[in-house]
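Chemist: Predicted model, plus sequence, below.
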Amino acid sequence: MRSFFKASLLRRILLTCCTLAVFSAGVHASEKTAAEAARRLLNKLKELGWNVRDTYTTGLLRLGQSVVITTKLEKGNKYKLVAGGCNDASDIDIAVYDENDELISKDTDESVVSVAEITPKWSGEFKVKVTMYRSTKDGAHYVLQYAWRRVE
């Protein structure tokens with residue numbers, strides 16, 4: 001069991017280094033500010049004992065546009081899926097659907113950072129829909145990242 005935790009820690013360190021290397025290699029400034037918006041909340045969760053996924057999904061969404069990202073979530077974990085927008089975003093929404101396309105969680109407040117909470121009743125593929133509800137007319141960058149902790 002210890003070797004698993006050592007390997008997991010090493011993997012986290014490597015992913016963090018890779019993420020930092022990407023930022024220093026010239027990631028688009030808007031992507032970086034979107035990541036920073038999400039990271040502020042994720043750092044607070046980390047302080048509270050949550051595990052934070054080192055990697056994230058990012059992209060550009062036009063005003064009113066959505067993207068659906070599929071991710072695997074595990075039974076026995078509680079998740080907080082966090083979508084952050086860059087400085088051009090003023091309202092980003094997030095919704096989570098199960099494998100039957102049933103809405104199981106959403107956050108639709110008017111904020112540049114949106115959070116959906118979920119404790120899956122089974123392990124499987126879930127769809128996360130991120131919508132750029134309000135932004136500049138050219139759209140804005142988003143970042144989707146999540147935190148989790150065991151509940152069983």
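Modeler: Perfect, thanks for sending it.

Chemist: Helix or strand with the lowest mean pLDDT in the chain?
Modeler: Averaged element by element with mean pLDDT, DSSP states H and E, the chain has its least confident helix or strand at helix 2-24 (a mean of 39).

Chemist: List the buried residues in the helix or strand just after that one.
Modeler: As assigned by DSSP states H and E, the chain's next helix or strand after helix 2-24 is helix 29-47. Judged by neighbour count using 16 or more other Cβ atoms under 10 Å, the buried positions of helix 29-47 are 30-35, 37-39, 41-42, 45. For glycine as for every other residue, the C-beta is placed from the backbone atoms N, C-alpha and C.

Chemist: Could you report the pLDDT at Gly59?
Modeler: At Gly59, the model reports a pLDDT of 92.

Chemist: That one and His141 touch, don't they?
Modeler: Yes. Counting by Cβ atoms under 8 Å, Gly59 touches His141, with 7.0 Å between them.

Chemist: neighbour-wise, which of these two wins?
Modeler: His141 (26 against 16; other Cβ atoms under 10 Å).

Chemist: so the more buried one makes contact with Ile92?
Modeler: No. The pair His141 / Ile92 is not scored as a contact, 10.1 Å apart, by Cβ under 8 Å.

Chemist: what sits in contact with each of those two?
Modeler: Common neighbours of His141 and Ile92 (criterion: Cβ atoms under 8 Å, 6 or more residues apart in numbering): Gly85.

Chemist: The host helix or strand of Ser90 packs against which elements?
Modeler: Assigned by DSSP H and E, Ser90 belongs to strand 89-97. Secondary-structure packing of strand 89-97 (3 or more Cβ pairs under 8 Å, 6 or more residues apart in numbering; DSSP states H and E): strand 77-85, strand 103-107, strand 113-118, strand 124-135, strand 140-150.
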